[in-house]
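1. here is my input, please return the structure:
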Amino acid sequence: MSAAWWSGSDAAASFGQVLEVLVRTSIHERGRKGSVKGITRVVFALRRLGSRCLPACIAMLAAGHSHVRAQPFIPGTTYFGSDGYIEYHAGNTAFIVSVPHGGTLAPVSIPNRDCKDCSYGLDYRTQELAREFSARYAEVTGCSPHMVINLLHRRKLDMNRDITAATDSNAASEIYWQDYHGFIDSAKSRIMRDFGQGLFLEIHGHGHAKQRIEVGYLLRSLTLRQSDSVLNSASCIDSSAIAHLARGNRQSFTHAMLLRGEPSLGSMLARAGYPAVPSSQDPFPLPEDDYFNGGYNTLTHGSRTGGSIDAVQLELYSAIRSDGDERSAFVDSLVRIVYRFIALQYLEDGAPPCAGLSGVARLDPARTLTLYPNPARDRLHLRAPEAIASVRVYNLLGVLLLEEHDPPGGTIPIGQLPPGLYIGSIRLRDGGMLRVRFVKE
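-> Got it, this is the predicted structure:
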């Protein structure tokens, strides 16, 4: 490329045009969170400067675009995509909440989708429910969930479809689709950095006749009606949105157990008073039942296609979304269920529920502690490498329930605790700290 090509006003305009094409193409392909309007203003300024800024401008542009790509999202802070249509609550947990169909904005600047077999219905109150869940989770645990919300109405954009079906081939709205999935990808990267594995949880609403929560793992009703041995087969696991978890988890739960056994999300919801399928109480949909098993997002952001972030779609029935009191009660239960599920399946023993949580000591891998029996009924016996100074027992929400100083013989009376899973925090006389989980029968 000769220097003369960049001289004069025409060359300066060409330089600006090339930059504009490069920037817009990069945004289109990468789905980053930059502002096209802002970039256009930069391009106009570069055109005026022309060849004099060629080396510096290219370096500045590269640095600026790199900053957009690697924007440091701060947990607890809310960010917006282009034109404010996509909302991201940056978090520090091992899970992401996605709300693709709860938006109500319908700007005239975005054409309506008008495609064959397209769905346009609003998942009523899912956005409100997710916001209440995020706020309650932060209040109870001190952790900030990752949450991505589409504020646009589904008639404008469907975030649970591939980009062609989502936009009805409208190029002008592709940037919003890219914003949505770009925020999810950023959250997934943060989870991988902080925890190495995690969960993508998508919130929907259904209007089916049976008022129950439909838990979707990408498995059809016919598949869920098969025996446990079929569900535990390699081919079935390969088709599951929780393939990573099914192939290896600390409790050695089988795929069938994770789908409809006692440790499954469906069973946890049912035990809390919210009917769910699949679960131990309702193991599979009947042939005549309507059932949503997951969609594009569950496939794209779950572990069926690889990786160590699983995905689950929750289709919520209308009563727990529409009625304010019922929604609030359900949110309280969902906070506890998600907290417990994440702690059991995705966090190491002694690890805090979120990255950067102060006041929570991690398990010291250089030290070991023996406890027995586990599960225990009346007493828990502890053996540590040093003398035990104190023991604190917390429930899974971090509430202190029991404290013992200088326990004689390392024995802790736990008969007064209700049955459940607990975390013991053991402080040694040399200042060391150990943590362990135990079950009270």
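2. please count neighbours and contacts with C-alpha atoms only from this point.
-> OK.
3. give me the distance between Gly248 and Ser308.
-> 10 Å (Cα to Cα, to the nearest Å).
4. same question for Gly356.
-> Going from Gly356 to Ser308 by Cα to Cα gives 21 Å.
5. what about those two, which has more around it?
-> Applying other Cα atoms under 10 Å to Gly356 and Ser308 shows that Ser308 carries more neighbours, namely 21 against 13.
6. nearest residue to the more buried one in space, ignoring adjacent ones along the chain?
-> With Cα to Cα, 6 or more residues apart in numbering as the criterion, Ser308 has its nearest non-adjacent residue at 5.0 Å, and that residue is Gln197.
7. I'd guessed the one you found sits against Ala311; true?
-> No - counting by Cα atoms under 8 Å, Gln197 does not reach Ala311; the two are 11.3 Å apart.
8. who's more crowded, these two?
-> Shown here are Gln197 and Ala311; by other Cα under 10 Å, Ala311 has more neighbours (31 against 21).
9. looking at this, that one is in a helix?
-> No - membership of Ala311 in a helix is not supported by DSSP: H, G, I helix; E, B strand; the rest coil, which gives strand.
10. from what I can see it touches Ser303, true?
-> Yes - taking contacts as Cα under 8 Å, Ala311 lies within contact range of Ser303: 6.8 Å.
11. could you name every residue contacting both of those two?
-> Ala241, Ile242 (Cα atoms under 8 Å, 6 or more residues apart in numbering).
12. you'd agree Gln211 is in a helix?
-> No - counting by three-state DSSP, Gln211 is not part of a helix but coil.
13. and it, how many neighbours does it have?
-> 16.
14. mind listing what it touches?
-> Gln211 touches Pro275, Tyr317, Ser318, counting by Cα under 8 Å, 6+ apart.
15. for stretch 333-349, what is the distance to the chain centroid?
-> 12 Å (Cα atoms, centre = their mean, to the nearest Å).
16. check stretch 193-201 too.
-> 7 Å.
17. give me the buried positions along it.
-> Buried residues in stretch 193-201, counted by 16 or more other Cα atoms under 10 Å: Asp194, Phe195, Gly196, Gln197, Gly198, Leu199, Phe200, Leu201.
18. which members of the residues you listed occur in helices, if any?
-> Asp194 (DSSP state H).
19. format the buried residues of stretch 193-201 as a markdown table; extra columns: pLDDT and distance to Gly266.
-> Formatted as a markdown table, the buried residues of stretch 193-201 follow (pLDDT from 0 to 100; distance: Cα to Cα, whole Å):
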| residue | pLDDT | distance to Gly266 |
| --- | --- | --- |
| Asp194 | 93 | 27 |
| Phe195 | 94 | 24 |
| Gly196 | 95 | 24 |
| Gln197 | 97 | 21 |
| Gly198 | 97 | 18 |
| Leu199 | 98 | 15 |
| Phe200 | 98 | 16 |
| Leu201 | 98 | 13 |
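20. in strands, which of the buried residues of stretch 193-201 fall?
-> Gly198, Leu199, Phe200, Leu201 (DSSP state E).
21. would you map the helices across the stretch 201-350 of the chain?
-> Per DSSP state H, counting those that start in this stretch, the stretch 201-350 of the chain carries helices over the ranges 221-224, 228-231, 234-238, 243-247, 255-260, 265-271, 296-301, 319-322, 324-346.
22. which strands or helices does the second one pack on?
-> Translated: helix 228-231. Where contact means 3 or more Cα pairs under 8 Å, 6 or more residues apart in numbering; DSSP states H and E, helix 228-231 is packed against helix 255-260.
23. now the stretch 1-150 of the chain, which segments are flagged as low pLDDT?
-> For the stretch 1-150 of the chain, applying pLDDT under 70 flags the ranges 1-71.
24. can you put the contacts of Gln211 in JSON lines and add pLDDT?
-> Converted to JSON lines, the contacts of Gln211 look like this (pLDDT from 0 to 100):
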{"residue": "Pro275", "pLDDT": "97"}
{"residue": "Tyr317", "pLDDT": "97"}
{"residue": "Ser318", "pLDDT": "96"}
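25. of these, closest to Val436?
-> Distance to Val436 across the contacts of Gln211 (Cα to Cα) is lowest for Pro275, with 31.9 Å.
26. so who does that closest one touch?
-> Gln211, Arg212, Ile213, Gly266, Leu269, Asp282.
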